[in-house]
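Chemist: what follows is a predicted protein model with its sequence.
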Amino acid sequence: MLLLPVAVAACGETTPPPAKPAGGSPGKPLPAEAWRAFADDLEQRAAGEFSGAVLVAKDGQPLLQQGYGMADRQRRIANTPKTRFPIASIGRMFTAVAVAQLVQQGKLAFTDTIGNHLSGFPPQVADTVRGQR
């Protein structure tokens, strides 16, 4: 649930994100009708305010799994729960922060080769590939 406001904001959202579904109590899943109302709100926002896919699960069981809006407006292709979003470059930032934190903790160095930490690579890879550009 925490990612939804971020996704909405990233899509240029100017109105508040949909309210969290009402009902339920801490540690207990919300009733199905609460998720239906939440999904209905997202469906209305898909008319121009929100475009994406939502998956809410509890104990491995999907409570809400739905695509909203268009994946490709020009070709009129709708988002589905299986739509792939081009977010690969965002992962670089998280990886860079994680590596920097490990360096700060003394668990690795920017100059380490991949062979210092992972086994199974041939020597020409293990002894030469480094985590720096």
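Modeler: Thanks, I have the structure now.
Chemist: leaving out chain neighbours, which residue sits closest to Thr83?
Modeler: Using CB to CB, 6 or more residues apart in numbering and skipping residues adjacent in sequence, the residue nearest Thr83 is Ala71, 5.0 Å away. Using the backbone N, CA and C atoms, a C-beta is placed for each residue, glycine as well.
Chemist: which residues touch the one you found?
Modeler: The neighbours of Ala71, taking CB atoms under 8 Å, 6 or more residues apart in numbering as the test, are 51, 77-80, 83.
Chemist: so it sits in a helix?
Modeler: No: read with DSSP: H, G, I helix; E, B strand; the rest coil, Ala71 is strand and lies in no helix.
Chemist: ok, it to Asn79 distance?
Modeler: Ala71 is 5 Å from Asn79, where distance means CB to CB, to the nearest Å.
Chemist: which members of the contacts of Ala71 are classed as buried?
Modeler: 51, 79, 83 (16 or more other CB atoms under 10 Å).
Chemist: can you pull the contacts of Gly48?
Modeler: With CB under 8 Å, 6+ apart, Gly48 has no contacts at all.
Chemist: skipping its backbone neighbours, what lies nearest Pro123 in space?
Modeler: Per CB to CB, 6+ apart, closest to Pro123 is Gly115, 7.6 Å.
Chemist: please apply the same query to Ala53.
Modeler: Nearest non-adjacent residue to Ala53 (CB to CB, 6+ apart): Gly67, at 4.6 Å.
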